[in-house]
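K.L.:
mind looking at a prediction? Sequence and model below.
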Amino acid sequence: MINEIYLDNSATTQCFPETAELVSRILTEEYGNPSSMHHKGVEAERRLTQAKETLADILKVSGRNLYFTSCGTESDNLAIAGCARANQRAGKHLITTVIEHPAVIETMHALEEEGFEVTYLPVDSDGVVSPETVAGALRDDTILVSIMHTNNEIGSLQPIAEIGRLIKERNPKILFHVDAVQGFGKAQIYPKRMKIDLLSASGHKIHAPKGVGLLYVADGVKIRPTLPGGGQQGGMRSGTENVAGAAAMAFSAKRLYDHLEEDVDRLYALRARLIEQLQGLDGVRVNGKPGRESAPHVISLSVQGVRAEVLLHALEDRGVYVSAGSACSSNRPHLSETLKAIGTPKELLDATIRLSLSVLNTEEEIDTAAAALLEIIPFLRKYTRH
Ligand code: PLP
């Protein structure tokens, strides 16, 4: 069997083996329902509380402001739709950007059908929205601004703290939601310092299993729950809690944040190492800002004259897994709104691949992937150019 080199970590990550062991132990031994009043229930409840405390420590918030959901998508939905519906008396205007994940964009579209008005802000050619653009879009009837921390397709980083400051200067009542699904685990994110009222994260992007998400809700923020039911988690999110998933997310997050600085340095070095090796190739463009001005784990490459899907499969034949544009929205072929928004020429829209790294990747893997690209790209071009 050929060695697998997994460079699709923005789509999902491998669960840390220790995290998977913890999941197995909870599912087979500590399987109680946290709502049960007997010992098994109390044990499960304790796990949940512990998980919230661990994640709260990382975000420097209180555990009582954290809620577990089923995924990043649900956290985004609950934050945006829940807030919009609960606060519509104050206004019906919402603001976001054109490069958000479908979990945000589609929620905004659904709210437009309910009578909300949404402003979709443009980004610059590096995929960054300027704080002044956000400030200029604020209105008296604006109730919520939703801006992602790290873009999933090109790794652009948004000036979250600056945007938070400008929003609150204009009107402290305007709520600020941040989709941190790609940023959590790769950057220090402090909701209070950054004036964030709502923050979404997802377990499977940080080496925990699929099926668990996190939502931070600041004190005093009104949300209308999207899942009516048994009233778990203070009524914010009904449904029996995924205790194993929650504990796993906390465990993996702690492991990442215990070594964050050195891991991030290593990711940036791996990213630079790969880009450096591609320098000799003509017609390959790295999207987004250079170096530490972009996320440490995302490399978006537009490759003139080669279809992304063909390149993806040619890499796959050598055991290198990447994605075409963004894989985490769906497998329907579509032209990326993010790539369009940064002004990618039409012929490069379906010629863009994304390589995304994790702390589990090694220099050898990067070198092998780079060598594969250096060989495959000229080869494929030879057969498409005639
Ligand atoms: N937001 C961003 C920026 C993402 O990259 C993703 C997933 O790819 C999501 C939201 C959705 O997260 P989940 O897959 O946990 O639903």
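P.N.:
Yes, it's here.

K.L.:
which strand or helix spans Ile299?
P.N.:
Ile299 belongs to strand 298-303 when elements are defined using DSSP states H and E.

K.L.:
export that strand to CSV, keeping only CA atoms.
P.N.:
Output of strand 298-303 as CSV, limited to C-alpha atoms (Å, rounded to 0.1, in the frame of the first residue of the first chain):
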residue,chain,number,x,y,z
VAL,A,298,-4.2,26.5,4.4
ILE,A,299,-2.4,26.7,1.1
SER,A,300,-4.6,27.6,-1.9
LEU,A,301,-2.9,27.1,-5.3
SER,A,302,-4.3,28.3,-8.6
VAL,A,303,-2.6,26.3,-11.3
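
K.L.:
can you name the element that comes right after it?
P.N.:
As assigned by DSSP H and E, the chain's next helix or strand after strand 298-303 is helix 308-316.

K.L.:
what about the next helix or strand after that next one, average pLDDT?
P.N.:
Under the assignment DSSP H and E, the closest C-terminal helix or strand after helix 308-316 is strand 320-321. On average, the pLDDT along strand 320-321 is 98.

K.L.:
how about stretch 298-308?
P.N.:
97.

K.L.:
right, is it up against the ligand?
P.N.:
No. Against the ligand, stretch 298-308 shows no contacts by CB under 6 Å from any ligand atom, the least distance being 9.9 Å. C-beta here means a position set from N, CA and C on the backbone, and glycine is covered the same way.

K.L.:
contacts for the strand holding Ile299?
P.N.:
Residues from elsewhere that reach strand 298-303 (CB atoms under 8 Å, 6 or more residues apart in numbering): 10, 150-155, 182, 271, 274-275, 278, 283-288, 311, 339, 344, 348, 351-357, 377.

K.L.:
could you do stretch 248-259 as well?
P.N.:
15-16, 18-20, 22-23, 50-52, 54-55, 58, 68, 184-186, 201, 203, 206-209, 212, 214, 263, 359.

K.L.:
any of those buried? List them.
P.N.:
For those, a burial check counting by 16 or more other CB atoms under 10 Å picks out 15-16, 19-20, 22-23, 51-52, 54-55, 58, 68, 184-186, 201, 203, 206-209, 212, 214, 263, 359.

K.L.:
now, of the contacts of strand 298-303, which are buried?
P.N.:
For those, buried by 16+ other CB under 10 Å: 10, 150-155, 182, 271, 274-275, 278, 284, 286-288, 311, 339, 344, 348, 351-357, 377.

K.L.:
circling back: from the buried ones among the contacts of stretch 248-259, which land in helices?
P.N.:
Members of the buried ones among the contacts of stretch 248-259 lying in helices (criterion: DSSP state H): Thr19, Ala20, Leu22, Val23, Ala51, Lys52, Thr54, Leu55, Ile58, Asp263.

K.L.:
quick check, nearest of those to Glu316?
P.N.:
Set against Glu316, the nearest of those by CB to CB is Ala20 (24.9 Å).

K.L.:
start and end of stretch 340-359, how far apart?
P.N.:
With CA to CA, to the nearest Å as the measure, stretch 340-359 spans 30 Å from end to end.

K.L.:
over to stretch 302-312?
P.N.:
Across stretch 302-312, first to last residue, CA to CA, it's 12 Å.

K.L.:
report the buried residues of it.
P.N.:
Within stretch 302-312, the residues that qualify as buried are Ser302, Val303, Gly305, Val306, Ala308, Val310, Leu311, Leu312, counting by 16+ other CB under 10 Å.

K.L.:
one step back: kindly identify which of the contacts of strand 298-303 also come near the ligand.
P.N.:
Asn152, Gln182.

K.L.:
picking up where we left off before, how far off centre is the strand holding Ile299?
P.N.:
Relative to the centre of its chain, strand 298-303 is centred 17 Å away, using CA atoms, centre = their mean, to the nearest Å.

K.L.:
residue numbers of the stretch 51-200 of the chain in contact with the ligand?
P.N.:
Taking CB under 6 Å from any ligand atom as the criterion, the stretch 51-200 of the chain approaches the ligand at residues Cys71, Gly72, Thr73, Asp76, His101, Ala103, Met148, Asn152, Asp179, Val181, Gln182.

K.L.:
among those residues, which ones are in strands?
P.N.:
Those of those mapping onto strands are Met148, Asp179, per DSSP state E.

K.L.:
the strand holding Ile299 pairs with which strands, and in what direction?
P.N.:
Strand 298-303 sits in its sheet next to strand 284-286 (antiparallel), strand 352-356 (antiparallel), going by DSSP bridges.

K.L.:
so what touches the first one?
P.N.:
Okay, so that is strand 284-286. By CB under 8 Å, 6+ apart, strand 284-286 touches Ile275, Leu278, Ile299, Ser300, Leu301, Ser302, Val303, Gln304, Leu348, Ile377.

K.L.:
bridging residues for the nearest residue in space to the second one that is not next to it in sequence?
P.N.:
For Leu278, the nearest residue in space outside its immediate sequence neighbours is Val284; the separation is 5.6 Å by CB to CB, 6 or more residues apart in numbering. Under DSSP bridges, the beta-bridge partners of Val284 are Val303.

K.L.:
ok, Val284 to the ligand distance?
P.N.:
For Val284, the distance to the ligand equals 24 Å [CB to the nearest ligand atom, to the nearest Å].

K.L.:
now swap in Ile26 and tell me
P.N.:
Applying CB to the nearest ligand atom to Ile26 and the ligand gives a distance of 20 Å.

K.L.:
mind listing what the spatially closest residue to Glu365 that is not a sequence neighbour touches?
P.N.:
The shortest distance from Glu365 to any non-neighbouring residue, by CB to CB, 6+ apart, is to Ile5 (4.6 Å). Neighbour list for Ile5: Gly319, Val320, Tyr321, Asn361, Glu365, Thr368, Ala369 [criterion: CB under 8 Å, 6+ apart].
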